[in-house]
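>>> below: sequence and its predicted model.
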Amino acid sequence: MVSSRIYHRHLTFHIFFFFNIFLRIMGDLTKQPKGYMIRRMTFSACHRLHSPMLSDEENKETFGKCNHINGHGHNYIVKVTLFGEINHNTGMIMNMTNLKKYMQQAIMIPMDHKNLDKDVEFFLMKPSTTENLAVFIWQNLKSIMSEPELLYEVEVYETENNIVKYRGE
Ligand SMILES: Nc1nc2c(c(=O)[nH]1)N=C([C@H](O)[C@H](O)COP(=O)(O)OP(=O)(O)OP(=O)(O)O)CN2
Ligand SMILES: [Zn+2]
């Protein structure tokens, strides 16, 4: 009686053990490779660095020439990176054409050829720094994309030397 109970316990253990190994092998066999895909877009806009949280003097001191009352312009470059599984059937993480549409909506429509501080509501109460631009683009993309979990990084080049990356943290 006792030995039969021990036998059953051993049997159950072995069934669980081998079933686990089987699941792991199946998981590895069906696992799809993951990759990063990047699309780049450029837009032109003007802005002035000025914070409503600071006095005029503090603004001048903080932002220097970028606080000049009449503003200045940039040819921004934005790189959006997605990270995810390369679909077995399509060979794509996402169709680049779809990402292009999302970026048009999230970047070009609100910001291209605009005065960022006056035309974009997001910057009415926030300075239009490259950091804030990256956050704005990230939030826009997240709200538009059908698979927002694929969004990995937004990179904004204000000039060829001034670059900000944002990963939603
Ligand atoms: N942390 C940040 N600092 C600054 C930002 C910003 O967005 N985040 N932005 C600016 C200005 O907008 C400005 O236009 C940048 O000008 P500048 O430093 O002159 O940039 P350049 O690349 O043109 O200058 P180089 O000297 O050729 O590098 C300022 N700071
Ligand atoms: Zn600037």
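The structure has been received and is ready for your questions. Ligands and ions are numbered 1, 2, ... in the order given.
>>> which strand or helix spans the residue nearest the centre of the chain?
When Cα atoms, centre = their mean is applied to the chain, the residue found nearest the centroid is residue 153 (3.6 Å). If you go by DSSP states H and E, residue 153 is part of strand 151-157.
>>> give me the three-state assignment for the closest residue to the residue nearest to the centre of the chain other than its chain neighbours.
Leaving aside its chain neighbours, residue 153 sits nearest to residue 81 (4.1 Å; criterion: Cβ to Cβ, 6 or more residues apart in numbering). All C-beta atoms are positioned from the backbone trio N, CA, C, and that covers glycine. Judged by DSSP: H, G, I helix; E, B strand; the rest coil, the three-state class of residue 81 is strand.
>>> residue 81: what's it in contact with?
By Cβ atoms under 8 Å, 6 or more residues apart in numbering, the residues touching residue 81 are 36-38, 152-155.
>>> and the gap between it and residue 49?
Distance, residue 81 to residue 49, by Cβ to Cβ, to the nearest Å: 26 Å.
>>> and residue 8, by the same measure?
As judged by Cβ to Cβ, residue 8 and residue 49 stand 74 Å apart.
>>> quick one on the thing from earlier: pretty sure the residue nearest to the centre of the chain is in contact with residue 166, am I right?
Yes - under the criterion of Cβ atoms under 8 Å, residue 153 makes contact with residue 166 at 7.1 Å.
>>> which residues do these two both contact?
Counting by Cβ under 8 Å, 6+ apart, residue 153 and residue 166 have no contacts in common.
>>> can you map out the helices along this structure?
Taking DSSP state H as the test, the helices found in the chain are 2-30, 56-63, 96-103, 109-111, 116-119, 130-144.
>>> buried residues in stretch 159-169?
Going by neighbour count (16 or more other Cβ atoms under 10 Å), the buried part of stretch 159-169 is 164, 166.
>>> endpoints of that stretch, how far apart?
24 Å (Cα to Cα, to the nearest Å).
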